[in-house]
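Novice: below are the sequence and a predicted model; questions follow.
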Amino acid sequence: AQSVTQLDSHVSVSEGTPVLLRCNYSSSYSPSLFWYVQHPNKGLQLLLKYTSAATLVKGINGFEAEFKKSETSFHLTKPSAHMSDAAEYFCVVSDRGTDKLIFGTGTRLQVFP
Amino acid sequence: GAVVSQHPSWVICKSGTSVKIECRSLDFQATTMFWYRQFPKQSLMLMATSNEGSKATYEQGVEKDKFLINHASLTLSTLTVTSAHPEDSSFYICSARDRGLLSVGNTIYFGEGSWLTVV
């Protein structure tokens, strides 16, 4: 069965500094992985997805993630944080057999001025 | 781009009553829709998979008689919380997959979510 583990429940950075949100996955085959962002009291927005093409995936708003099979990781990064990046971020794996999405526990990103 | 719309965004209902939440795909047809619930400061938990023209598939522990799901058309799925109680208060989110995308790992679009408060 697939699963994802988000290693940090909270991450705090200063505006203009890099962002790193960590995610490890467990899957018996090549997974499809996603990062979603949820702003307070809002729905979910897809940042990026990996579906066995290029291992470095570029998403919206300057975010990118690198699929590393040897490390079973799919960490989300951004070179320079903006105040508007403050939100909850979810690492997600797709269940190949059913297309269900399995969510990590989330990482709350705080950005300080 | 594809848009999934949920209605209502906020609803307050009295304990014991039923409330219906709609999920619509606005510019694509969705043979499959998913319903999630999210408690405050927690992750999303899949409740059920809604299949057009057939019965929904519920996750373990989800009461199918309490959370009625209907997917009568390719663009609409509804979730009805029957005999609602305060513990049903939660954020409910739907998602939909474009039937035109064939491979696993297709982009799944989420609605804006619906806040349910049962008083």
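Specialist: Alright, I've got the coordinates.

Novice: what about the least confident helix or strand in chain B by mean pLDDT and chain A, touching?
Specialist: One helix or strand of chain B scores below all others by mean pLDDT, DSSP states H and E: strand B:108-110, with a mean of 84. Yes - in terms of CB under 8 Å from any CB of the partner chain, part of strand B:108-110 sits within range of chain A, namely B:108-110. The C-beta positions use only the backbone N, C-alpha and C, and glycine is treated the same way.

Novice: relative to chain A, which of the residues you listed is nearest.
Specialist: Nearest to chain A among the residues of strand B:108-110 next to chain A is B:F110, at 4.1 Å by CB to the nearest CB.

Novice: how many neighbours does that closest one have?
Specialist: When neighbours are defined as other CB atoms under 10 Å in any protein chain shown, B:F110 has 23 of them.

Novice: for it, give me its contacts.
Specialist: A:36, A:43-46, B:4, B:93-95 (CB atoms under 8 Å, 6 or more residues apart in numbering or on different chains).

Novice: among these, who's most crowded?
Specialist: These, ranked by neighbours (other CB under 10 Å): first place B:C94, 30 neighbours.

Novice: from chain A, how far out is that residue?
Specialist: From B:C94 across to chain A, the span is 9 Å (CB to the nearest CB, to the nearest Å).

Novice: do you know how far that residue is from B:E112?
Specialist: B:C94 is 10 Å from B:E112, where distance means CB to CB, to the nearest Å.

Novice: please apply the same query to A:D95.
Specialist: 24 Å.

Novice: likewise for B:F34?
Specialist: In terms of CB to CB, B:F34 sits 15 Å off from B:E112.

Novice: kindly report the same for B:V62.
Specialist: Counting by CB to CB - B:V62 and B:E112 are separated by 22 Å.

Novice: sec struct for the residue sitting nearest the centre point of chain B, please.
Specialist: Nearest to the mean C-alpha position of chain B, by CA atoms, centre = their mean, lies B:W35 at 3.3 Å. Taking DSSP: H, G, I helix; E, B strand; the rest coil as the rule, one finds B:W35 in the strand state.

Novice: for it, list each beta-bridge partner.
Specialist: B:A48, B:C94 (DSSP bridges).

Novice: B:S77 is in contact with that one, correct?
Specialist: Yes - in this structure, B:W35 is within contact of B:S77 by CB atoms under 8 Å, at 7.5 Å.

Novice: can you pull the residues that touch both of the two?
Specialist: B:23, B:50, B:69, B:94.

Novice: the first one falls within a helix, correct?
Specialist: So the one you mean is B:C23. No - B:C23: not assigned to a helix; according to three-state DSSP it is strand.

Novice: enumerate every residue touching the closest residue to it other than its chain neighbours.
Specialist: In this structure, B:C23 finds its nearest non-sequential neighbour in B:C94, 3.5 Å apart by CB to CB, 6 or more residues apart in numbering or on different chains. Counting by CB under 8 Å, 6+ apart, B:C94 makes contact with B:4, B:6, B:21, B:23, B:33-36, B:77, B:79, B:110-111.

Novice: what segments of chain B are strands?
Specialist: Under the criterion DSSP state E, strands of chain B are mapped to B:4-7, B:10-13, B:19-25, B:32-38, B:44-51, B:57-58, B:67-73, B:76-81, B:90-97, B:108-110, B:114-118.

Novice: out of the ones you listed, which gets nearest to A:Y50?
Specialist: strand B:108-110 (14.1 Å; CB to CB).

Novice: okay, the most centrally placed residue in chain A and B:P8: tell me how far apart.
Specialist: Centroid check for chain A by CA atoms, centre = their mean gives A:W35 as the closest residue, at 3.5 Å. Distance of A:W35 to B:P8, computed by CB to CB: 28 Å.
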